[in-house]
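[1] Okay, structure incoming, though there's no sequence with it:
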């Protein structure tokens with residue numbers, strides 16, 4: 001288990017679609033007004049899964065369990081490439097998307113893979129990381 005990381009991002013799959021949220025459009029916000037995966041900074045000594053579970057609960061109000069995570073890989077953090085970040089993929093059970101209560105960002109949506117890769121307002125690093133998952137699965 002990785003012990004030294006800055007934060008996590010989680011690609012959540014719902015019926016083969018990718019759950020994303022549109023970041024707030026605030027001056028000075030990193031990747032403002034871009035489509036992003038759920039995630040954020042590590043708190044305390046959290047493991048990557050603990051961090052991801054907390055961030056999912058905080059950002060969309062969904063409680064997930066560790067068994068839903070199917071893939072993870074370490075990358076340079078987006079804001080500071082000298083730090084490590086963990087990118088994860090999780091599969092959400094049917095119906096969970098009906099329970100989403102967005103607490104961060106402007107809105108959320110589900111995208112098929114083709115739309116995800118074509119969208120110009122998806123954070124570019126996320127396309128690379130999700131493609132890595134697709135190539136390795």
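    Noted; the coordinates are in hand. The model shown is predicted, which means the values in this text are computed figures rather than measured ones. Numbers count the residues shown, from 1 in each chain.

[2] In this protein, where is pLDDT below threshold?
    1 (pLDDT under 70).

[3] From residue 79, how far out is the residue of the chain most remote from its centre?
    Most distant residue from the mean C-alpha position of the chain: residue 27, 21.8 Å away (Cα atoms, centre = their mean). Per Cβ to Cβ, to the nearest Å, residue 27 is found 16 Å from residue 79. The C-beta positions use only the backbone N, C-alpha and C, and glycine is treated the same way.

[4] for residue 14, same thing?
    From residue 14 to residue 79 the distance is 27 Å (Cβ to Cβ).

[5] follow-up on the earlier one: quick one: the residue farthest from the centre of the chain is in a strand?
    No: note on residue 27: no strand contains this position according to DSSP: H, G, I helix; E, B strand; the rest coil, which reports coil.

[6] contacting residues for residue 75?
    Residues in contact with residue 75 (Cβ atoms under 8 Å, 6 or more residues apart in numbering) are 84, 85, 86, 87, 125, 129.

[7] Hmm, residue 112 is touching residue 17, no?
    Yes: with contacts counted by Cβ atoms under 8 Å, residue 112 reaches residue 17, the gap being 5.7 Å.

[8] Done for today, thanks.
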